[in-house]
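Colleague: Sequence isn't available, so here's the structure alone:
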């Protein structure tokens, strides 16, 4: 297996649910020689969907890392989920990948979750190529899919292939660079021949070939100079220019095929090697030097000081906890001591593994640019950096979205209480969007997640993987609180506790922030200078954050709010204390927040429905009855697409409802949109229940 960075490709397969990511991954593994049979999602025998919950439901739940080789190049591949409940898996995969293959359905085109994962890839500056899958399906339209990529994704998508036929007439692909047609000679697609372009498609192929070269000349200056001198460039020159454009993220070449029918995957593998960047072609990540707190660019070389990022934690029934890492600089060795800047502790690497989904191969070293798994770490968590202790650097972590749903959970018996707590702790360590908290008033354990399916999977895993049976309550929406005005209040805490007087007066200002800005707490510099001890400033800030986290209306956490201490007064230094400042901050915040017109926020989901036109009226009526708003509608072939915004609280059991409304013929997907203030009637109902 290759070890030089130029011979490594770290790539992900990303797409909308049901676009064919896992089937495409299975074909890649088959043609690369990693498997000797063709796995299928419907048959539940895929390599990357190895969890029993994935095989039962036919969906990807957890991102699976796997390594294979093609044309002397090592490909570290991550197959990511398409369901919105597991969006963190896509987020953390894209955080460490250099390139991605966006898979699109030739019938559905650019679908809602396609837009979400594309935006995630934009945010992480990941180079991409596109693969239009399912060309054998009725209604497949390659040209429309490419046009939608340009229109909906804002991508400079250009066809690098043309399909020969579509649906039942689909017979192969024309490579618009070599201008040859690939014709398959067996059902498995392993043997094929490249033949001249069919005469009936010659004009169309020539026009597409010229469009590709022109698009390339617009974004790549060296190629433009060569192209102006001679419009007919050889294939090697075109491929080199296309590679530069993909790495610069100025052009997205679009390929096509049918993974299920074993067509187009070898060409996709060639494109991964030819166009997607190796680790040393990406911009070096910038970390923070732990001691000086100065930005530090990581040197991406095997001889450099170690810097690696833990991007995923998984539990293997035989090996134990696996910590998936991307090594950016240096070399990670078996038996080596590594430093964790977050915990400020040293840990030991007991084993290094190359993971083939649920199978492992032991390694002695893992070099810069590579991805693998570490066994033996005790306190590391997702987003932690592993580095050299003499040159400690903290890389940018991984941001997890806030959970939108929760439910009460308790052990079946008192004897299982500790076992349940330990199992939930392990699930939360693996999945940053799974959060566990204890209700301060009832003492109940609360499990928080990204949706009904997410919570269902977590409870199922407790039972099957950890042998813990638990009683669960009904899933509920996780509301948030905020303020809608600015208010200022002064609060004096003055009490005698254990024979000592504690006294402090703080003036606090509470103000709203833009949606999505989170929580902010601060102490004005003028106040900090007047405090008897500098550490009181940190105590006040922590107290404000605690107060924000508990809310003022219905004990929901607050968000999009800023609290600042703008003035203080002391009786004398002897009565100033931790207790006085903390209590004054918490009580003062509550008074100011109540005066700042507090509101409840609810998660709004972006709901996308594909239905035969005759059911549109009933579906729209149902959306209106759920406090939803239809944004727009469009025809896709003979089906109608409805895009709406609906409060999550109104979408429990929606899968059953839409099946009933459409006699099982409509399908839907949803993703988290934004938070919005709940209507007054709903607010009163929530506060009175």
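Modeller: Nice, thanks for sending it over. The structure displayed is predicted, hence computed values, not measured ones. Numbering: from 1, shown residues only.
Colleague: Give me the contact list for stretch 234-243.
Modeller: 160, 177-178, 212-213, 216, 220, 222-223, 226, 251, 253, 274-275 (C-beta atoms under 8 Å, 6 or more residues apart in numbering). Every residue, glycine included, has its C-beta placed from N, CA and C.
Colleague: Please identify the buried residues of it?
Modeller: Neighbour-count burial for stretch 234-243, counted by 16 or more other C-beta atoms under 10 Å, picks out 237, 238, 239, 240, 241, 242, 243.
Colleague: Include secondary structure and distance to residue 679 when you put the residues you listed into TSV, please.
Modeller: Putting the buried residues of stretch 234-243 into TSV (DSSP: H, G, I helix; E, B strand; the rest coil; distance: C-beta to C-beta, whole Å) gives the following:
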residue	secondary structure	distance to residue 679
237	helix	62
238	helix	58
239	helix	57
240	helix	58
241	helix	56
242	helix	52
243	helix	53
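Colleague: Could you find which two of those are furthest from each other?
Modeller: For these, with distances taken as C-beta to C-beta, the pair at the greatest spread is 237 and 243 (10.9 Å).
Colleague: Wait, a helix at residue 604?
Modeller: No: Residue 604 is assigned strand when assessed by DSSP: H, G, I helix; E, B strand; the rest coil, not a helix.
Colleague: Apart from its chain neighbours, what residue comes closest to it?
Modeller: residue 673 (4.7 Å; C-beta to C-beta, 6 or more residues apart in numbering).
Colleague: now residue 433
Modeller: Using C-beta to C-beta, 6+ apart, the closest residue to residue 433 is residue 88 (4.6 Å).
Colleague: What strand or helix carries that neighbour?
Modeller: helix 87-96 (DSSP states H and E).
Colleague: do the same with residue 489
Modeller: Using DSSP H and E, residue 489 sits within strand 487-497.
Colleague: Repeat that for residue 206.
Modeller: Assignment of secondary structure by DSSP H and E places residue 206 within helix 202-219.
Colleague: buried sites along the helix or strand that comes right after that helix?
Modeller: Note on helix 202-219: by DSSP H and E, the next helix or strand toward the C-terminus is helix 221-229. Neighbour counts over helix 221-229 (16+ other C-beta under 10 Å) mark 223, 224, 226, 227 as buried.
Colleague: Check which helices and strands helix 221-229 sits against.
Modeller: helix 202-219, helix 235-247 (3 or more C-beta pairs under 8 Å, 6 or more residues apart in numbering; DSSP states H and E).
Colleague: okay, these, which one's buried deepest?
Modeller: Of all the helices and strands packed on helix 221-229, helix 235-247 has the most neighbours on average by mean count of other C-beta atoms under 10 Å, namely a mean of 19.
Colleague: In the beta-sheet assignment, what are the partners of the closest residue to residue 276 other than its chain neighbours?
Modeller: Once flanking residues are discounted, residue 276 sits nearest to residue 99: 3.3 Å by C-beta to C-beta, 6+ apart. Counting by DSSP bridges, residue 99 is bridged to residue 11, residue 127.
Colleague: in the protein, which residue is closest to the centre?
Modeller: residue 91 (2.3 Å; C-alpha atoms, centre = their mean).
Colleague: Need the nearest residue in space to it, chain neighbours excluded.
Modeller: Closest residue to residue 91 apart from its sequence neighbours, by C-beta to C-beta, 6+ apart: residue 120 at 5.9 Å.
Colleague: Now residue 422. Its backbone dihedrals?
Modeller: Main-chain torsions, residue 422, degrees, to the nearest 10: phi -70, psi -40.
Colleague: scratch that, residue 348 is what I was asking about
Modeller: Backbone geometry at residue 348, expressed as degrees, to the nearest 10, gives phi -110, psi 130.
Colleague: Quick check: buried residues in stretch 425-432?
Modeller: In stretch 425-432, counting by 16+ other C-beta under 10 Å, buried: 426, 427, 428, 430, 431, 432.
Colleague: What of stretch 135-152?
Modeller: Neighbour counts over stretch 135-152 (16+ other C-beta under 10 Å) mark 135, 136, 137, 139, 140, 141, 142, 144, 145, 146, 148, 149 as buried.
Colleague: For those residues, could you give me JSON lines that also reports distance to residue 622, secondary structure and pLDDT?
Modeller: Below are the buried residues of stretch 135-152 laid out as JSON lines (distance: C-beta to C-beta, whole Å; DSSP: H, G, I helix; E, B strand; the rest coil; pLDDT from 0 to 100):
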{"residue": "135", "distance to residue 622": "34", "secondary structure": "coil", "pLDDT": "96"}
{"residue": "136", "distance to residue 622": "34", "secondary structure": "coil", "pLDDT": "93"}
{"residue": "137", "distance to residue 622": "28", "secondary structure": "coil", "pLDDT": "93"}
{"residue": "139", "distance to residue 622": "26", "secondary structure": "coil", "pLDDT": "91"}
{"residue": "140", "distance to residue 622": "30", "secondary structure": "coil", "pLDDT": "94"}
{"residue": "141", "distance to residue 622": "30", "secondary structure": "coil", "pLDDT": "95"}
{"residue": "142", "distance to residue 622": "34", "secondary structure": "helix", "pLDDT": "97"}
{"residue": "144", "distance to residue 622": "29", "secondary structure": "helix", "pLDDT": "95"}
{"residue": "145", "distance to residue 622": "30", "secondary structure": "helix", "pLDDT": "96"}
{"residue": "146", "distance to residue 622": "34", "secondary structure": "helix", "pLDDT": "97"}
{"residue": "148", "distance to residue 622": "27", "secondary structure": "helix", "pLDDT": "95"}
{"residue": "149", "distance to residue 622": "31", "secondary structure": "helix", "pLDDT": "96"}
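Colleague: and which of those residues is nearest to residue 574?
Modeller: Relative to residue 574, the closest of these is residue 149; by C-beta to C-beta it sits at 69.5 Å.
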